[in-house]
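# I would like the atomic coordinates for the input below:
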Amino acid sequence: MTLNKPFGLLGTGALILSMCAAASTQEVVQGLPAAGTYAIDPVHSFTYFGAWHHIVGLVRGRFDKVTGTITVSKDPAGCGVDISIDSASISTQESERDEDLRGPDFFDVKKYPAMTYRGRGIHRVSADSWRLDGSLTIRGVTKVVPLTFSFNGLFPDTRAGKPARAAFHGSAATKRGDFGMTRDNPMELGSAPTSRPDVAIEIDVEADAAKEVR
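Below you'll find the predicted structure:
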């Protein structure tokens, strides 16, 4: 019994280390930060888009004001986003075009000052990416637009006493005709406006941990 006791302790220690290693691996495979609510930092978050221009061209732009929260849960069904984008903050690096895009034929910012993207429940699509089938609302019209995203990691140099900061990258595609933006783009819309996306969206977000999710 005396000889077996140290062996038993070593065996228990090895089992504990093995369990910790397995948990660590599971955390990495999971590909998400710790459960909690993360507040988007508008200063370090960017929403870009590329819209077809006469089929072969592409107009790129961005929205400068993005706010909202990201919810991470231990259960993928509880994960979600709630994002608001200031429509008037659109910029395509051409002031005349930007004013036109803010007008009634496009984003109609006086009537609809914000567009939103909300959804809950994610599922894995690859080793390091997930998909959220959220609802995009523009000009009072709501459509389901899948968002594929990945967790880029936590800031390694966060100062003591400051919240953890997470970085995410997301991409999506949609059709401007679905939201009533049909002026000047008959070729892009074609005979079947819902047949294929004509706008690609890229989102890079930094968000600070706000509270724990249990």
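# from here on, contacts and neighbour counts on C-alpha atoms
OK.
# mind checking pLDDT for the closest residue to residue 200 other than its chain neighbours?
Taking C-alpha to C-alpha, 6 or more residues apart in numbering, and ignoring the residues beside it in sequence, residue 200 has residue 173 as its nearest neighbour in space, at 4.5 Å. The predicted local confidence for residue 173 comes out at a pLDDT of 97.
# For burial, what's the neighbour tally of residue 173?
Under the neighbour criterion other C-alpha atoms under 10 Å, residue 173 is assigned a count of 19.
# if I look at the residue nearest the centre of the chain, how far off is residue 59?
The residue lying closest to the centre of the chain (C-alpha atoms, centre = their mean) is residue 170, at 4.5 Å. With the distance defined as C-alpha to C-alpha, to the nearest Å, residue 170 ends up 20 Å from residue 59.
# Repeat that for residue 147.
Shown here: residue 147 relative to residue 59, a distance of 21 Å by C-alpha to C-alpha.
# quick one: which of the two has more around it?
Neighbour count, other C-alpha under 10 Å: between residue 147 and residue 59, residue 147 has more, with 21 against 12.
# residue contacts, the more buried one?
The contact partners of residue 147, taken as C-alpha atoms under 8 Å, 6 or more residues apart in numbering, are 131, 132, 133, 134, 170, 171, 172.
# Let me see the domain layout of the protein.
As recorded under automatic domain parsing, the domains making up the chain are 1-30, 33-211.
# Can you say which of those domains is packed in most?
Stretch with highest mean neighbour count among the domains of the chain: domain 33-211 (a mean of 17; mean count of other C-alpha atoms under 10 Å).
# how far out from the middle of the chain is that one?
The offset between the C-alpha centroid of domain 33-211 and the centroid of the whole chain comes to 7 Å, using C-alpha atoms, centre = their mean, to the nearest Å.
# If you count contacts, what does the helix or strand harbouring residue 67 end up packed against?
For residue 67, the enclosing helix or strand under DSSP states H and E is strand 66-72. Counting contacts by 3 or more C-alpha pairs under 8 Å, 6 or more residues apart in numbering; DSSP states H and E, strand 66-72 packs against strand 36-40, strand 80-86.
# In TSV: these, plus distance to residue 110 and mean pLDDT.
Formatted as TSV, the helices and strands packed on strand 66-72 follow (distance: least, C-alpha to C-alpha, whole Å; pLDDT from 0 to 100):
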stretch	distance to residue 110	mean pLDDT
strand 36-40	25	97
strand 80-86	11	97
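# May I ask which helix or strand of this protein has the lowest mean pLDDT?
The element with the least model confidence among the helices and strands of the chain, by mean pLDDT, DSSP states H and E, is helix 4-30, at a mean of 39.
# can you give me the helices in the protein?
In the chain, helices defined by DSSP state H lie at 4-30, 95-102, 186-189, listed in chain order.
# which residues of this structure score low on pLDDT?
In the predicted model, the chain carries pLDDT under 70 at residues 1-30, 184-195, 211-214.
# so how far is the first residue of stretch 106-126 from its last?
Across its full length, stretch 106-126 reaches 35 Å between end residues, using C-alpha to C-alpha.
# follow-up on the earlier one: alpha carbons only: can I get the strand holding residue 67 in CSV?
Once side chains and other backbone atoms are set aside, the C-alpha atoms of strand 66-72 remain, and they are given as CSV (Å, rounded to 0.1, in the frame of the first residue of the first chain):
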residue,chain,number,x,y,z
VAL,A,66,-21.2,51.5,-35.9
THR,A,67,-22.5,50.7,-32.4
GLY,A,68,-24.0,47.7,-30.6
THR,A,69,-23.3,44.5,-28.7
ILE,A,70,-22.1,41.0,-29.3
THR,A,71,-23.3,38.2,-27.0
VAL,A,72,-21.2,35.1,-26.5
